[in-house]
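In: build me a model from this:
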Amino acid sequence: MFNIVLALSYFLSGFSMKLSDDYYDEKSNKRNAIFLGIVCGLFTALACSIDLDAACIFIAILIGNILALKVDGIHHIATMASFIIAFILLGFPNFTFLSIITIIICIIGAIIDELGNDNEKIYQKSKFLEYFFDYRFALKVVILLLVLIGLLNIWSFIYFLCFEIAYEIARVLFEKYIL
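Out: Reported below is the predicted structural model:
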């Protein structure tokens, strides 16, 4: 049951995150963007409260987005607020020195992804870089490397792929049915 709840939390977090961004960026619909951002924050907090690896990954994504100056709308503020409040209420996992190192390494991957994503200067250099950053592969590679050296569980990589697949499903559904 634990694995199902965690996989669904990752999936629903990714799905609602993308829809929130697209409603805000493409439709200028703040109400839907904020609602979906709150949903994203709640599912992300659930995953983080029950799994240390999820906490490392999602805290790193949050900090990476802040440091890369990608928090650019009220929907992002609503997402962060709901995440922080729910995470405090649900409780933190026990962080260790190695989990702090893992967070720092993941922050670097998240920042690289955010600085490369939608960056025309980088996209002009090659189709590979455009694809790499459009689908934010830096953090995926970092998470896989952390699995290989034993700082994250292989299931965390699989759950993160659930997050990414859901994000892409939401992108396709939005472009096909909502946009």
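
In: what helices or strands is the host helix or strand of A138 leaning on?
Out: Per DSSP states H and E, A138 falls inside helix 137-148. Judged by 3 or more C-beta pairs under 8 Å, 6 or more residues apart in numbering; DSSP states H and E, helix 137-148 is in contact with helix 52-67, helix 97-116, helix 154-173. Where C-beta positions appear, they are placed from N, C-alpha and C, glycine not excepted.

In: for the second one, what is the distance to the chain centroid?
Out: On the basis of C-alpha atoms, centre = their mean, to the nearest Å, the separation between the geometric centre of helix 97-116 and that of its chain is 12 Å.

In: other SSEs contacting whichever helix or strand comes after that helix?
Out: Following helix 97-116 in sequence order, the next helix or strand is helix 120-123 (DSSP H and E). Under the contact criterion of 3+ C-beta pairs under 8 Å, 6+ apart, helix 120-123 touches helix 127-134.

In: list the buried residues in the helix it packs on.
Out: Residues of helix 127-134 classed as buried: 129-130, 132-133 (neighbour count, 16 or more other C-beta atoms under 10 Å).

In: try stretch 74-94
Out: So for stretch 74-94, counting by 16+ other C-beta under 10 Å, buried means 75-76, 78-80, 82-83, 86-87.

In: Throw the residues you listed into a markdown table and include distance to I169 and pLDDT, thanks.
Out: Converted to a markdown table, the buried residues of stretch 74-94 look like this (distance: C-beta to C-beta, whole Å; pLDDT from 0 to 100):
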| residue | distance to I169 | pLDDT |
| --- | --- | --- |
| H75 | 19 | 98 |
| H76 | 21 | 98 |
| A78 | 22 | 98 |
| T79 | 19 | 98 |
| M80 | 23 | 98 |
| S82 | 22 | 98 |
| F83 | 21 | 98 |
| A86 | 24 | 98 |
| F87 | 25 | 98 |
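
In: what is the nearest of those to Y177?
Out: Checking the buried residues of stretch 74-94 against Y177 by C-beta to C-beta gives H75 as the nearest, at 19.8 Å.

In: which SSE is the closest one in?
Out: H75 belongs to helix 74-90, assigned by DSSP H and E.
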